[in-house]
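>>> Sequence below, structure please.
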Amino acid sequence: MVGAFYLRARWEQHRSLFELPKKVSVDIQQTSEGFTLSKSEGGRTLFTIHASRATRFKEGGRATLHDVSITFYGRQSERADRIYGSDFEYDPKTGTVVSRGEVEIDLAGTGERPELGKEASQHLKVQPPPMPKEPIHVRLEQLSFNHKSGVAQSEGKAEFRLTHATGSARGLLYDSKKNELLLRSAIDIRGDGPHAERIQARSGTLRKEPRQLVLRGVEMSSEGHQLETEQLVVHLAHDNSMQRVEAEQPLKMSGGDGLEVRAARGVLTLGEGSRPQSGWLGGGVDFSSQLQATSGHAGEVRLQFSPGAAQAGKETGSKQPAQLQAIHARGGVELRQWPPEGSKNRRTLVMTSDAMTFSLRDGRELSTAQTEGPGELRVGASDAARGDEQTTIAARRFTADFGRRNHLRSVSGSGGVVVTARAQGEADKVSTSESLRAEFSPAGEISSAVQEGDVRYREGAGGEQGRRGRSVTAARASYAPRDESLTLTGSPRIVDGGMTMTADQVRLMRRGGAMLATGSVKTTYSELKAQPNGAMLASGEPVHVTAEAVSAEQSRGSARYSGGARLWQGANIVEAPVIEFDEQNRTIVARGDAVHPVRSVFVREDAKGKIASVLLTAPQLKYSDRERLASYTGGVQAKSEDGVLTAERADALLGAAGNAQGGAPGRLESIVASGGVLVRQRERSVRGEKLEYQARSGTFVMSGGSPTLTDPVNGTVRGNSLTFYSRDDRVVAEGGDASRAVTHTHISR
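Prediction:
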């Protein structure tokens, strides 16, 4: 009886291990090799617990299991996740299996089938699906699994391995029903190789459908670069390698070179070996680098990495880091650079476009930037309060070249180029062309700029100096910021108020308005108002000037022509090596020498209305239209039908234009000459110190220094003054109180 009761007690204890699970639809089968516990639902096996043997049973039906493997198949038998370890305790009342030592987990998808004992395999109603060749492998210090809830959890340290990455966490929860693994805290993931990324997170969830790792409170670092975001989603490929990384919340990236990038969200696509292939940042992207004095903004940014990085590492056996190759930015793209600390240059550079593509050098420094449409470059003072000049360059397409530390080295613009310069108190300066190339100094200042193709430059009227508008056309324009000059070549043509000029080359000073033109200079002053009280320049007809070179002051309205200069209005002409013409005051200063004297031609009218010209030459000429007086010095010669006059100096007085018929330029009225005066008329000559000539009557009055008239036919006449005429041989000699007029007559024999 004692033996019977003992055997019955042992049987009840043994049966309790199996009866309780049956109440929750759990099958237990004891075999010589151990036992298998499985749970089914709807004809499908959800999980199995297999042990090689059960060493003993404790009070309450507890059992100690050895060499345990727990396999989860899912409701559709779509997976074969496994938990396995050496020693476990099983409590059939609570349905809990607790490990006594180290536990390992394989989170799998499809691939080869899991290996189970023959006895267990025979009793499984549904064969487990195949497992992947490279599952997600987890190693734990301890684990408890409840087959009622299907939840396995651990409070200790968990180490796991992904394809090409390893990691650890503190605390773990595996929910077989939801098919997800919760990493409670202190997540630390490291990629393979010396250049791989490191991801640290506050917590995370590994989901199987979709296959992704969701991390919270993330810090990601790689080669001196860091990324921070509240939530990061790592999408896993079929082989459990990292395929794509997404940040759906605001993120911040920073680098050892001082670069900081902020965006609302971002995506990074990974290729073989978890090497970056492409990336995307959106929702408004801002970046800045104090070290490189650069900042920028874009609506979204696409990142492209060098495709050959992974292949090169595979061929050479080395693990080369992937390098960022290009950046495609869209939506209000802006790149800003300011002067480095301590730089004398105080100008900022701002480049904007709706879309731009940046290429990088060595994955770190900008190499080039190209707009995918119209763009704009602004160069201005970094301190807006200074009111310094700002230059804006716009074009349908831009290409920028960068040097050391991402500083802009040159910019090329094509199609519809417009350059606008603004300065406080000055008129805008605008130039247009088909193309432009601007060079920048290491300090960030424009060192040169060249525009080509139908160049048009204009300065608006107004400003503090009250300038008139000026416009220029040419085939090519070169800007030198050192003296703020603009050099135009290729048939340049200038229109400045009423002045039009052409030359082989024109150099404009943007500040002050000075101008220098060289080579076949031709100028026309066309907007002249008739001045009835003026003379030579009083007509409304255009004034024309030609020369080899001209320098002009726009603010003063004066121009200096040199190199065979010739000025004329109507029939009045002035020629000289140098002519200075003041349009506003209507004055002329002409200079030459004895070999190349000043030449001027005036029109005179006699009493009978006959028109004739008078040619005057001298080393220097000064003419004022207000006074209607032309003053010649340095040895004067005047030629006309009335004779030839020479003297040290002479003043020619012109009549008012209002008195001339038809409003023609004022005509020559008189000439007053002094200093060694000599008049030659056919055979006779007259000498004296002063001569007054009346053009209309053709009358000469010689005085001073015992004037003498010599005529080889009629003899010699002397007196205090001699009056003679150009139209006949009459001579009137007058004596003074102390002398008498003397006439010597030649008598023919």
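>>> Next secondary structure after the helix or strand of the chain with the lowest mean pLDDT?
Lowest by mean pLDDT, DSSP states H and E among the helices and strands of the chain is helix 118-123, with a mean of 40. Later in the chain than helix 118-123, the nearest helix or strand by DSSP states H and E is strand 136-140.
>>> Parallel or antiparallel, which strands does the helix or strand following that following strand pair with?
Later in the chain than strand 136-140, the nearest helix or strand by DSSP H and E is strand 144-146. Strands that pair with strand 144-146, judged by DSSP bridges, come out as strand 96-99 (antiparallel), strand 151-162 (antiparallel).
>>> Deepest-packed of these, please.
strand 96-99 (a mean of 21; mean count of other Cβ atoms under 10 Å). (C-beta placed from N, C-alpha, C; glycine too.)
>>> any idea how far it is from the chain center?
67 Å (Cα atoms, centre = their mean, to the nearest Å).
>>> Which residues does whichever helix or strand comes after that strand contact?
Downstream of strand 96-99, the first helix or strand assigned by DSSP H and E is strand 103-107. For strand 103-107, contacts defined as Cβ atoms under 8 Å, 6 or more residues apart in numbering pick out 81-85, 131, 135-143, 152, 154, 160, 174, 181, 206, 208, 240.
>>> what about 7 Å?
With Cβ atoms under 7 Å, 6 or more residues apart in numbering as the test, strand 103-107 has contacts from 81-85, 131, 135-140, 142-143, 174, 181, 208.
>>> just to revisit the earlier point, nearest to residue 447, of the strands paired with strand 144-146?
Nearest of those to residue 447, taken as Cβ to Cβ: strand 151-162 at 52.8 Å.
>>> Just the CA trace of the closest one, in CSV.
What follows is strand 151-162, C-alpha atoms only, in CSV (Å, rounded to 0.1, in the frame of the first residue of the first chain):
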residue,chain,number,x,y,z
VAL,A,151,6.2,37.5,-23.8
ALA,A,152,9.9,37.0,-23.0
GLN,A,153,11.8,39.6,-21.0
SER,A,154,15.1,40.4,-19.3
GLU,A,155,16.3,43.1,-17.0
GLY,A,156,20.0,42.4,-17.6
LYS,A,157,22.4,43.3,-20.3
ALA,A,158,21.6,42.2,-23.8
GLU,A,159,24.1,41.9,-26.6
PHE,A,160,22.9,41.5,-30.2
ARG,A,161,24.3,41.3,-33.7
LEU,A,162,23.0,42.5,-37.0
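>>> how about a markdown table for the strands paired with strand 144-146, with distance to residue 232 and mean pLDDT added?
Below are the strands paired with strand 144-146 laid out as a markdown table (distance: least, Cβ to Cβ, whole Å; pLDDT from 0 to 100):
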| stretch | distance to residue 232 | mean pLDDT |
| --- | --- | --- |
| strand 96-99 | 31 | 88 |
| strand 151-162 | 14 | 87 |
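>>> and of the ones you listed, who's closest to residue 484?
strand 151-162 (62.2 Å).
>>> The closest one: what's the following helix or strand?
strand 165-175.
>>> Run the chain-centre distance for that next one.
49 Å.
>>> Alright, that wraps it up for me.
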